[in-house]
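Colleague: no FASTA, just this:
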């Protein structure tokens, strides 16, 4: 799939799940703290959600955030993924997540995140039910955990934190950042 097809696939997943759960646009918009217009644009593929938006949508619709990576792509070998077989989610604010795990059914999943210069997960802290860890492959990643000060990690640095830890992240540099995230 190309980028536009991936954006359209995410829009359809959000729309179909909302309808299945019998939520109106207003119900879901109110729960995630966004406008009906914004959510409608996301569901039509005209706007991209931030990481925080998609996390809030997953919580409101009672699915793990990884649900939105679950569209199968054809694979030659079930336990291997090649670059052209990977599911990609394009967020607002310059973040792209690529599912590098062959399966979402395992006890952990791996994502490669690309953060453009100045990209961030948003102003709101995220809280995921998964334990998370990561390894900075390239560039700089700044993490804010809870109410703590920012910590900037560089290529070769790694991190790990418990499930439900409030965090947000961004690339405050002028260069691309790539991070391998691991979720339990």
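Modeller: Cool, the structure landed. Everything numeric here is computed off the predicted structure, so don't read it as measured data.

Colleague: quick check: chain neighbours aside, which residue is closest to the most centrally placed residue in the chain?
Modeller: The structure's the chain has its C-alpha centroid closest to residue 51; by C-alpha atoms, centre = their mean the separation is 4.9 Å. Distance criterion C-beta to C-beta, 6 or more residues apart in numbering; nearest residue to residue 51, sequence neighbours excluded, is residue 121 at 4.0 Å. Where you see a C-beta, it was placed from the backbone N, CA and C, and this is true even at glycine.

Colleague: ok, that neighbour - contacts?
Modeller: 50, 51, 52, 93, 95, 168, 169, 170 (C-beta atoms under 8 Å, 6 or more residues apart in numbering).

Colleague: and residue 171, by the same measure?
Modeller: By C-beta under 8 Å, 6+ apart, the neighbours of residue 171 are 94, 115, 116, 117, 118, 119, 120, 139, 140, 141, 142, 177.

Colleague: measure the fourth one to residue 123 for me?
Modeller: What that stands for is residue 117. 18 Å (C-beta to C-beta, to the nearest Å).

Colleague: residues contacting the lengthiest helix in the chain, please?
Modeller: If you go by DSSP state H, the chain has its longest helix at helix 3-20. Outside of helix 3-20, the residues within contact range by C-beta under 8 Å, 6+ apart are 1, 25, 28, 42-45, 48-49, 57, 61, 63, 67-68, 71, 87-90.

Colleague: could you pull out the buried residues of it?
Modeller: 6, 7, 9, 10, 11, 13, 14, 15, 17, 18 (16 or more other C-beta atoms under 10 Å).

Colleague: quick check: angle from the helix or strand that that helix is followed by to helix 3-20?
Modeller: The helix or strand immediately downstream of helix 3-20 is helix 25-32, counting by DSSP states H and E. Between helix 25-32 and helix 3-20, the angle comes out at 100 degrees (axes from the mean of the first three to the mean of the last three C-alpha atoms, to 10 degrees).

Colleague: from the chain's centroid, how far away is helix 25-32?
Modeller: 19 Å (C-alpha atoms, centre = their mean, to the nearest Å).

Colleague: after that helix, next one along is what?
Modeller: helix 36-43.

Colleague: okay, buried residues for that next one please.
Modeller: 38, 39, 42, 43.

Colleague: got those residues as CSV, with pLDDT columns?
Modeller: Formatted as CSV, the buried residues of helix 36-43 follow (pLDDT from 0 to 100):
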residue, pLDDT
38, 96
39, 96
42, 95
43, 94
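
Colleague: just those now: which is nearest residue 99?
Modeller: Taking C-beta to C-beta as the measure, residue 42 is the one of the buried residues of helix 36-43 closest to residue 99, at 19.5 Å.

Colleague: can you tell me how far the nearest residue to that closest one once chain neighbours are set aside sits from residue 11?
Modeller: Using C-beta to C-beta, 6+ apart and skipping the chain neighbours, the partner closest in space to residue 42 is residue 49 (5.3 Å). Distance from residue 49 to residue 11, counting by C-beta to C-beta: 10 Å.
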